[in-house]
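Trainee: can you look at this prediction? I've put the sequence above it.
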Amino acid sequence: MKEFIKYGEDKGAEYVELKSASTIKNIIELQNKHVKEISSSQMKYYSVRVLYNGAFGTAYSNEQEYKELIDKAIKSASLVKKDLRLSNIPNIKNKIKTSYKKDLSAIGLEEKKNKLLELTKLMKEYPKINSLKLVQSDLLENYKLINSHGAELEWNDSFIKFLAYAFSQEGNRLESYPEVKRGHYGYELMDEAEKITRKALEYSQKLLNAKLAKAGNFPVILDQKLGGVFTHEAIGHATEADAVINGETVLKNKLNQLIASSNVTILDDGTLKTNGWVPFDDDGNKSQKNVLIKKGVLNKYLQSLETSSILGVKPTGNGRAQSIANVIIPRMTTTYIAKGDSSFEEIIKTIKEGYYLIGSMGGQVDTSKGEFLFNAKHGYHVVNGEIKELVKGVSLTGNILDIMPKISLVAKDLEFGSGLCGKCSQTVPVSEGAPHFKIDIARVGGQE
Amino acid sequence: MIEKIKEYLKKNVEQYEIYYEDSLTETCELNKGQIDVFTSGKIKGLGIRVYNNKRIGFSTTTDIQNFKKCCDEAISIAKLNEKDEHFVRFAKPGKYKEDNYYSKDVINLEAEDMKKYMEDAIKMINKNNLKLTSGRYYKSNDSIHILNSEGVDVVSTDTWNYAYFELLDEKTGVSHYGMEGSYDLLGYEKLKELITRLKAMNVRDTPKTEDMKLILHPEAIADLLDNFFVYNINAENVQNNRSLFINKLNKEIFSNKLTIIDEGTSRKRILLVDKGILKSYLYNSYTANKDNVKNTGHASRNYASIPGIGTTNILIEKGNKNFTEILKSVNKGIYVKRVLGLHTMNSLTGDFSVGISEGHIIKNGEIKHAVKDTMISGNVLELLKNIEEIEDKIHYGGDGYYVPNILFNKIKVIGK
């Protein structure tokens, strides 16, 4: 690949970056006891990014034709009037292999299918279940990046996902409950498949008898998964430096200011080997542990190579793209609230009437207005410090700057979830985490 | 190359289908009101489906030279699949879509033209004292070659382009986004509308929590249909007991004011809901064979996927009153144009509670200030049973939905 770097430089590029990605992916989907889909793919992609006359230009193809791609990238960069000067360009050399216990390529599709078939037998134990969807997919990827400053990076990754989606019925009432886990592991993730499937089956049935939550303003306690999504949506997105540069976040001009209660510390750590793990980002920068909010004070924004060069700060290892064909923008990795000093039991006792919200059905944020919304999978009504009946259909909305000072108690029991994050039409795997924590008052959307 | 693939499959399987897609894309990203970066893409992709011993197998690749590996994968996957009693054969000639969405002007569009379009858009935005914070112009040109053992051998060419705008009103700090999209050259109609809508959000307040009347804008209706109706009417979900519409054919599911029609790729009008009564599910050939009904032509796919069920154009039949009349009839209500987070709703029960990202208070028949930090919650099924009026005009709500404004009798608004 190196000879093409020289080709780009000879053509006048100030910076040349070449990438390749080669993937083998399998998907197995079962519908009850029947195979709905088994498919495989073998993909190869090649991409080029150049900096030419102060502007980036990028091009990609399924064929290894770096010269043509460099020509195209230079041509499109020449259409853009910009004066970007890169600083802190990565030059590290590293070869990384995701560690795992069970090699995905050593297990055949038939064995993987039979494992799912075995799991469908669990349905019998749950009488109100009428349908169960199981999906197991895995991905082996070889990713290479070299640049004109000497960076030479390679990552041999192993990635697996397991989803159980249970559907239940009682009379005319239908319910469903999804449970998923994904991450950089080998086939050993499937050791947890029964536990994940049982959770989906159990809660799908339980929700048939759950009440709808009351709408209004209440104190709430969030579990680790929903708390993680809260952290991701309400804080993470608003600290991404592209939003700061574009003036699209309520956290612009707020560095070193108190924006949350002093018992809140929030981090983004790309080095953690969770779903959001990146040994190096797509700019070639090493990932690191970044403190976004330190005891309530906004400390740092998440940077890519481009945004850090514009803002004159150091990169944070958060330049990410969905694939080597996409533009690199600042993204989260593993974002979480650091553990506090309360306990779950203590927190529940402080609530006179409110909700304990569990799990996440997803969320959305508008960083410019600071408004966010997300939906819990289920929850419990809390009355006089005691957990009461199961509720469903409950969502939480609010404004970032209003709600952050209202986080009053943070427990010690930090855990991480595994999710997908969408931004600018690109999806990347992330993790989000939190201990149980309390928000003194929040807007709860229910139907009653 | 295709010939070689065909020869290889002929020797090894009973039936086959080759889906070869050659796609060229050009993307122009904008940031801070300026052209930021162009990306050109060129991808050739191959999807192979085989049928052997009553079993189907599928595999896909972009490594075209290595097509044998892809074919072999599909063959070995077929062995793992169950016998498929509902599969008859791959489509016969004449069954593939003929109507291409194709524009020569879009094919000839150069990066310079995309730049010019966006620069003119920026001028228009700046003239209105607004800022373009980020944006994108995307253009694609796909050539799809489908060839199968039943004699189909068709090539179709599609074009598509869209411009996406994210605008900010610096005075109020409020932003809004929207897009122009077409297979043909783009105008500025949606952008002009977006500018007007953003300017109308200059005063925002949070209402009290209470029930009131609701008018949903075509964009919000499209979002609702996409997350609720299309999920439940999908034949695959019905066949797998995952739909609210199981056993509801020819039964009343919505208000008798509501008629929903699908105009699919085959340009056939299919009545889905007739005056509140469910008339048909959405089928592709597989699910249609299983229910022993006619295929409604709703397969959707690309080279990297097997045919699923998708929609193209969904239309709600217009009503009798014009928008002003409908508005005048509302003493106290909320006009919701766009919501936040509807994808998190429970499609199976219809329960939803979502944030309002663009909505206005209606007082004595007039649209007043915008709302902030406000939610609406309810049940879609209940909502669609309680329609008061449907507007006499149809608008494009995005994603292939053509719908009027609709007045509902009651919604729970959660504010202060």
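Mentor: Cool, the structure landed.

Trainee: and the residue of the stretch 251-400 of chain B nearest chain A?
Mentor: Residue nearest to chain A within the stretch 251-400 of chain B (CB to the nearest CB): B:Ser353, separated by 2.9 Å. In short, each C-beta sits where N, CA and C put it, glycine included.

Trainee: buried sites along stretch A:101-116?
Mentor: Buried residues in stretch A:101-116, defined by neighbour count with 16 or more other CB atoms under 10 Å in any protein chain shown: A:104, A:107, A:109, A:112-113, A:115-116.

Trainee: for residue 386, grab the count of nearby residues.
Mentor: Picked chain A for this. Other residues within reach of A:Glu386, judged by other CB atoms under 10 Å in any protein chain shown, total 11.

Trainee: chain B was what I was after
Mentor: Neighbour count of B:Asn386, defined by other CB under 10 Å: 16.

Trainee: any idea whether the residue of the stretch 251-400 of chain B closest to chain A is helix, strand or coil?
Mentor: At B:Ser353 the chain is in strand, as set by DSSP: H, G, I helix; E, B strand; the rest coil.

Trainee: who does it form a beta bridge with?
Mentor: When bridges are called by DSSP bridges, B:Ser353 pairs up with B:Ser377.

Trainee: for burial, what's the neighbour tally of it?
Mentor: B:Ser353 has 30 neighbours, counted by other CB under 10 Å.

Trainee: can you read off the pLDDT for it?
Mentor: pLDDT recorded at B:Ser353 is 87.

Trainee: likewise for B:Tyr303?
Mentor: Predicted confidence (pLDDT) for B:Tyr303: 69.

Trainee: return the residues in contact with residue 140.
Mentor: Looking at chain A here, since you left the chain open. By CB atoms under 8 Å, 6 or more residues apart in numbering or on different chains, the residues touching A:Leu140 are A:23-25, A:104-105, A:156-159.

Trainee: my bad, chain B
Mentor: Contacts of B:Ser140 were listed using CB under 8 Å, 6+ apart, and they are B:23-26, B:158-161.

Trainee: with A:Asn290 instead?
Mentor: Contacts of A:Asn290 (CB under 8 Å, 6+ apart): A:267-269, A:300, A:302, A:316-318.

Trainee: same list, these, but as a markdown table with neighbour count, pLDDT and secondary structure please.
Mentor: Formatted as a markdown table, the contacts of A:Asn290 follow (neighbours: other CB atoms under 10 Å in any protein chain shown; pLDDT from 0 to 100; DSSP: H, G, I helix; E, B strand; the rest coil):
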| residue | neighbour count | pLDDT | secondary structure |
| --- | --- | --- | --- |
| A:Leu267 | 20 | 98 | strand |
| A:Asp268 | 32 | 98 | strand |
| A:Asp269 | 21 | 98 | strand |
| A:Lys300 | 18 | 96 | coil |
| A:Leu302 | 30 | 98 | strand |
| A:Thr316 | 26 | 97 | coil |
| A:Gly317 | 29 | 97 | coil |
| A:Asn318 | 31 | 98 | coil |
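
Trainee: returning to what we had before: isn't the residue of the stretch 251-400 of chain B closest to chain A right next to A:Val394, touching?
Mentor: Yes - using CB atoms under 8 Å, B:Ser353 and A:Val394 qualify as a contacting pair, with a distance of 7.2 Å.

Trainee: can you list residues touching both of the two?
Mentor: When CB under 8 Å, 6+ apart defines a contact, the residues bordering B:Ser353 and A:Val394 alike are A:375, A:445-446.

Trainee: quick check, the residue in chain A closest to chain B?
Mentor: Nearest residue of chain A to chain B (CB to the nearest CB) works out as A:Gly445 at 2.9 Å.

Trainee: then stretch A:132-148 to PDB, C-alphas only?
Mentor: Extracted as PDB, the C-alpha positions of stretch A:132-148 are listed here (Å, rounded to 0.1, in the frame of the first residue of the first chain):
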ATOM      1  CA  LEU A 132     -40.000 -16.000  19.600                       C
ATOM      2  CA  LYS A 133     -37.500 -14.500  17.200                       C
ATOM      3  CA  LEU A 134     -33.800 -15.300  17.700                       C
ATOM      4  CA  VAL A 135     -31.000 -13.700  15.800                       C
ATOM      5  CA  GLN A 136     -27.300 -14.500  16.000                       C
ATOM      6  CA  SER A 137     -24.900 -12.600  13.800                       C
ATOM      7  CA  ASP A 138     -21.200 -12.400  13.700                       C
ATOM      8  CA  LEU A 139     -18.500 -10.600  11.900                       C
ATOM      9  CA  LEU A 140     -14.800 -11.100  11.400                       C
ATOM     10  CA  GLU A 141     -13.100  -8.000  10.100                       C
ATOM     11  CA  ASN A 142      -9.600  -7.100   8.900                       C
ATOM     12  CA  TYR A 143      -9.100  -3.300   9.000                       C
ATOM     13  CA  LYS A 144      -6.000  -1.500   7.800                       C
ATOM     14  CA  LEU A 145      -5.000   2.100   7.900                       C
ATOM     15  CA  ILE A 146      -1.800   3.700   6.800                       C
ATOM     16  CA  ASN A 147      -1.100   7.400   6.400                       C
ATOM     17  CA  SER A 148       1.600   9.700   5.100                       C
END
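
Trainee: centre of the chain to that stretch, how far?
Mentor: Computed by CA atoms, centre = their mean, to the nearest Å, the chain-centroid distance of stretch A:132-148 equals 15 Å.

Trainee: just the buried positions in that stretch, please.
Mentor: The neighbour-count check on stretch A:132-148 (16+ other CB under 10 Å) flags A:132-141, A:143-148 as buried.

Trainee: try stretch A:239-256
Mentor: Going by neighbour count (16+ other CB under 10 Å), the buried part of stretch A:239-256 is A:239-252, A:254.

Trainee: cool, and stretch A:287-295?
Mentor: Within stretch A:287-295, the residues that qualify as buried are A:287-288, A:290, A:292-294, counting by 16+ other CB under 10 Å.

Trainee: again, but for stretch A:401-409
Mentor: Neighbour counts over stretch A:401-409 (16+ other CB under 10 Å) mark A:403-409 as buried.

Trainee: got those as JSON lines, with pLDDT columns?
Mentor: JSON lines is the format used below for the buried residues of stretch A:401-409 (pLDDT from 0 to 100):
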{"residue": "A:Ile403", "pLDDT": "93"}
{"residue": "A:Met404", "pLDDT": "94"}
{"residue": "A:Pro405", "pLDDT": "95"}
{"residue": "A:Lys406", "pLDDT": "96"}
{"residue": "A:Ile407", "pLDDT": "96"}
{"residue": "A:Ser408", "pLDDT": "95"}
{"residue": "A:Leu409", "pLDDT": "97"}
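
Trainee: among those, name the ones in strands.
Mentor: Secondary structure from DSSP state E places A:407-409 of those in strands.

Trainee: chain neighbours aside, what residue packs nearest to residue 363?
Mentor: Went with chain A since none was named. Among residues not flanking A:Gly363 along the chain, A:Phe374 sits closest, at 2.8 Å (CB to CB, 6 or more residues apart in numbering or on different chains).

Trainee: I was after chain B.
Mentor: Using CB to CB, 6+ apart, the closest residue to B:Lys363 is B:Lys332 (6.5 Å).

Trainee: same question, A:Asn384
Mentor: Sequence neighbours aside, A:Lys352 is the residue nearest to A:Asn384 in space, at 6.2 Å (criterion: CB to CB, 6+ apart).

Trainee: quick one: contacts for the one you found?
Mentor: Contacts for A:Lys352 (CB under 8 Å, 6+ apart) come out as A:219, A:383-385.

Trainee: where does the stretch 151-300 of chain B have low pLDDT?
Mentor: For the stretch 151-300 of chain B, applying pLDDT under 70 flags the ranges B:264-268, B:285-286, B:289, B:292-300.
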